[in-house]
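Undergrad: A predicted structure for the sequence below; I have some questions about it.
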Amino acid sequence: MRIIGILLILQIIFVDPQDGYKLIGTLRTDGNLFYSDPIGNIYIIHQNSIRKYNLRLDKLADYSNTYLGNITSVDVSDPLRILLYYKEFNQIVWLDNFLQELRSPIRLDDLLIDQVNLVCSSSQGGFWVYNRLNNQIQYFDATLRLIHESINLQSLIGKQNPSCMIEKSSIVYLNVPETGILLFDRFGTYFQTLPVFSDKNLQVTDENIFYTRHNAFHKFNISTYTNTIINLPDTIDLKGVMMQQEYLYLFKKDGIYTYLSTRSD
């Protein structure tokens with residue numbers, strides 16, 4: 001009998017008493033998605049275009065491709081190798097830090113994977129996909145060879161659809177909103193489920209997982225398994241939240257608001 005190692009713990013949720021954030025910048029934008037990378041750059045997605053801004057909200061670069069439809073998702077975990085996924089045409093585009101194409105678009109149909117739900121980049125040089133046809137995560141290297149794949153995940157997630165996938169420090173985090181976050185090693189081997197229930201997206205740093213659940217913004221410490229609700233300076237018309245070190249980014253209907261933490265700890 002195969003034993004599934006699901007971590008069950010009593011989770012204590014704290015509420016952060018500090019509201020210490022100072023507004024340092026605003027950017028009016030019509031974007032429908034936004035991301036921030038580990039060095040604080042901001043990326044605004046509007047249909048088939050991506051725009052890059054620095055911490056001062058100065059525009060640095062832009063990119064668009066009218067032949068591939070709208071951008072479905074972006075992975076900026078490596079600012080030098082940015083991954084764009086176009087679900088409509090089932091293709092991937094790699095960009096450098098100037099938002100210039102690193103290579104021609106990758107047609108996932110050519111790799112015999114035509115039912116892709118999620119894509120993320122890998123520090124190994126390739127990328128992971130969640131293949132919904134066989135309920136597996138699969139790793140393709142830089143030469144587009146299938147190298148690693150997980151077991152069929154139906155016994156773990158049933159008919160649920162994962163909403164987000166990201167690799168950090170050679171661990172793949174697969175978010176399944178009503179199940180938790182499934183963890184896989186660099187070979188695609190499942191080893192744990194975290195009791196973290198994000199509505200959709202995740203942000204994973206060296207120490208924490210940031211996520212939104214029922215309009216509350218949470219910080220889950222990976223080492224201590226403590227969960228903290230972070231009080232935000234503004235929640236009106238909020239579409240997304242990200243944190244990078246001492247900076248907080250609020251994505252609202254009318255644009256991006258950048259805050260600096262004034263906490264002393």
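TA: Cool, got the structure.

Undergrad: with just CA atoms, put stretch 76-91 into CSV.
TA: Extracted in CSV, the C-alpha atoms of stretch 76-91 (Å, rounded to 0.1, in the frame of the first residue of the first chain):
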residue,chain,number,x,y,z
VAL,A,76,8.9,36.4,-12.9
SER,A,77,10.6,34.4,-10.1
ASP,A,78,13.8,34.7,-12.2
PRO,A,79,14.0,38.3,-13.6
LEU,A,80,16.5,37.2,-16.2
ARG,A,81,14.3,34.4,-17.5
ILE,A,82,10.6,35.6,-17.6
LEU,A,83,8.1,33.0,-18.7
LEU,A,84,4.9,34.0,-20.5
TYR,A,85,2.1,31.4,-21.0
TYR,A,86,-0.5,31.8,-23.7
LYS,A,87,-3.2,29.3,-23.0
GLU,A,88,-5.3,30.0,-26.1
PHE,A,89,-2.5,29.0,-28.4
ASN,A,90,-0.8,26.7,-25.9
GLN,A,91,2.6,28.4,-26.3
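
Undergrad: what comes up buried for it?
TA: Under the neighbour-count criterion of 16 or more other C-beta atoms under 10 Å, stretch 76-91 has 76-77, 79, 81-87, 89-91 buried. Every C-beta, even on glycine, is put in place using the N, C-alpha and C of the backbone.

Undergrad: what's the mean pLDDT across that stretch?
TA: Average pLDDT, stretch 76-91: 97.

Undergrad: contacts for that stretch?
TA: Under the criterion C-beta atoms under 8 Å, 6 or more residues apart in numbering, residues 35-39, 41, 43, 50, 65, 68-75, 92-97, 99, 102, 105-109, 114, 116, 119-121, 123, 127, 166-168 lie in contact with stretch 76-91.

Undergrad: again, only this time at 7 Å
TA: 35, 37, 39, 41, 43, 50, 68-75, 92-97, 102, 105-109, 114, 116, 119-121, 127, 166, 168 (C-beta atoms under 7 Å, 6 or more residues apart in numbering).

Undergrad: of the residues you listed, buried ones?
TA: Buried among these (16+ other C-beta under 10 Å): 35, 37, 41, 43, 50, 68, 71-75, 92-95, 97, 105-106, 108, 116, 119-121, 127, 166, 168.

Undergrad: just the ones of those residues in strands?
TA: 35, 43, 50, 73-75, 92-95, 106, 116, 119-121, 127, 166, 168 (DSSP state E).

Undergrad: what about dumping the CA coordinates of stretch 176-183 to PDB?
TA: In PDB, the C-alpha atoms belonging to stretch 176-183 read as follows (Å, rounded to 0.1, in the frame of the first residue of the first chain):
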ATOM      1  CA  VAL A 176      -5.300  23.400  -4.900                       C
ATOM      2  CA  PRO A 177      -7.700  25.800  -3.100                       C
ATOM      3  CA  GLU A 178      -9.800  23.300  -1.200                       C
ATOM      4  CA  THR A 179      -7.100  20.800  -0.500                       C
ATOM      5  CA  GLY A 180      -4.000  22.800   0.300                       C
ATOM      6  CA  ILE A 181      -0.600  23.300  -1.300                       C
ATOM      7  CA  LEU A 182       1.000  20.100  -2.600                       C
ATOM      8  CA  LEU A 183       4.800  20.000  -2.500                       C
END
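
Undergrad: who's in contact with Asn97?
TA: Pro79, Leu80.

Undergrad: how far away is the spatially closest residue to Tyr53 that is not a sequence neighbour from Gly25?
TA: Using C-beta to C-beta, 6 or more residues apart in numbering and skipping residues adjacent in sequence, the residue nearest Tyr53 is Ile42, 4.5 Å away. For Ile42, the distance to Gly25 equals 10 Å [C-beta to C-beta, to the nearest Å].
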